[in-house]
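Student: Quick check, what structure comes out for this input:
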Amino acid sequence: MGNKMSIEKNTIVEGKVSGITKFGAFVTLPDGSTGMVHISEVSQTYVNDINDFLKVGDAVKAKVISNEKGKIALSIKQTQPKPDKPQKPPKPRARKPYKPAPPVTSPGSYEWQSSQSSSPSSFEDMMSMFKKTSEDKMSDLKRAGGESRGYSRRGNGSRK
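Tutor: Numbering: from 1, shown residues only. Alright, predicted model coming up:
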């Protein structure tokens, strides 16, 4: 076997692919040791299936990214030229300055509010108007539905 001290971090080594797994490839180096190229270090592009990039027996050039406790981590993508990127990062879209929503002045535009020409003079008038429209809506729902929908105080609505 050759000199194992030659496998140092950041050096470029050449070897042959000796095995492929779904998470990476094993590379036999000239000194007889084996390093592993993780799937994320195979190419500058996304690698879904490592078999699309490497085959057993392929000669590869790789950079040693770590060599700890006899485990050699290699990177093929760090030996490849980086893909061309635009010189300037894309400009973020200009945002309009924050403007708070207008304050809520009423709980909503309900029919009983909009159908009135003048506002009720007292709380009792407002309550009677609300009860009338509420009863009208409930009777419309009962007429349109026919069957019971959902919750019933007596349990199952279909019981007789």
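
Student: before we move on, what SS does residue 60 have?
Tutor: Secondary structure, DSSP: H, G, I helix; E, B strand; the rest coil: residue 60 is strand.

Student: Spell out the residue ranges of the strands in the protein.
Tutor: Under the criterion DSSP state E, the chain carries strands at the ranges 12-21, 24-28, 34-38, 59-68, 71-75.

Student: Take these and lay them out in CSV including mean pLDDT, mean neighbour count and distance to residue 132.
Tutor: Every residue, glycine included, has its C-beta placed from N, CA and C. CSV is the format used below for the strands of the chain (pLDDT from 0 to 100; neighbours: other CB atoms under 10 Å; distance: least, CB to CB, whole Å):
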stretch, mean pLDDT, mean neighbour count, distance to residue 132
strand 12-21, 92, 16, 75
strand 24-28, 93, 21, 75
strand 34-38, 92, 20, 73
strand 59-68, 91, 16, 78
strand 71-75, 91, 20, 77
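
Student: These: which one's closest to residue 134?
Tutor: strand 34-38 (66.8 Å; CB to CB).

Student: if we look at the closest one, which residues are touching it?
Tutor: The contact list for strand 34-38 (CB atoms under 8 Å, 6 or more residues apart in numbering) reads 7, 13, 15, 18, 23-29, 54, 60, 62, 64, 71-76.

Student: Residue 19 against residue 50, yeah?
Tutor: No. With contacts counted by CB atoms under 8 Å, residue 19 stays clear of residue 50, the gap being 10.8 Å.

Student: Overlap in contacts, the two.
Tutor: residue 25.

Student: ranges for the helices of this protein?
Tutor: 111-114, 123-145 (DSSP state H).

Student: rank those helices by mean pLDDT and give me the bottom one.
Tutor: Set side by side, the helices of the chain give their lowest mean pLDDT on helix 111-114, at a mean of 50.
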